[in-house]
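A.B. asks: Sequence plus the predicted model coming up.
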Amino acid sequence: MSEDELRVELEPAAELSEAIRSGLIRANKTRVTLEPIKHVVVHARDGSGRLLGGVIAGLGFSWAYVDVLWVDEAERGRGLGTKLLARLEEVARQQGIFKARLNTASFQGQVPFYERRGYQVFAQLPFATPDGQQHVDYFMKKDLTAP
């Protein structure tokens, strides 16, 4: 194969991304038993239906993968993030999953929040933003069997 045959797509069609992902899944199935990832969203709304916050996660391979945890600025500091995360962890345990993991960046300032909820940093990855600011990605995990 020549380099002329290599193509870069900065905004790939969903079908192309899915074809590549499916190819990897097919290859992996020849080596291990795969289970589908279940996707779950836990969210909160006020009486008028306004979204106050939510957590998006995947459940599979014995892990809860926290992808996004967001709380509206006006609701921060009132315990909603803790409640959302706790409810997600409860759902994970009900599904037979007893480990959780996530990552957060230093500019988000959330490492202490997660540590107070039992998460531990297991890896750090330094990075720079386009404006040259230095930051760290923190990868965190939690044993959901612990009290």
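C.D. replies: Cool, the structure landed. Quick caveat, the model's predicted, so the values are computed rather than measured.

A.B. asks: who touches the helix or strand where residue 25 lies?
C.D. replies: Residue 25 belongs to helix 14-29 when elements are defined using DSSP states H and E. Applying C-beta atoms under 8 Å, 6 or more residues apart in numbering, the contact partners of helix 14-29 are 9, 34. Yep, even glycine has a C-beta here, placed from its N, CA and C like the rest.

A.B. asks: tell me, what residue is most central in the chain?
C.D. replies: By C-alpha atoms, centre = their mean, the chain has its centre lying nearest to residue 67, at 1.8 Å.

A.B. asks: where does it land in three-state SS?
C.D. replies: strand (DSSP: H, G, I helix; E, B strand; the rest coil).

A.B. asks: Would you confirm that it contacts residue 42?
C.D. replies: No. Residue 67 lies out of contact with residue 42 (C-beta atoms under 8 Å); the separation is 11.9 Å.

A.B. asks: Show me the helices in the protein, by range?
C.D. replies: For the chain, the helices defined by DSSP state H occupy 14-29, 80-94, 111-116.

A.B. asks: how about the residue nearest to the centre of the chain, what does it touch?
C.D. replies: Applying C-beta under 8 Å, 6+ apart, the residues contacting residue 67 are 56-58, 102.

A.B. asks: what touches both of residue 67 and residue 42?
C.D. replies: Shared contacts of residue 67 and residue 42 (C-beta under 8 Å, 6+ apart): residue 57.
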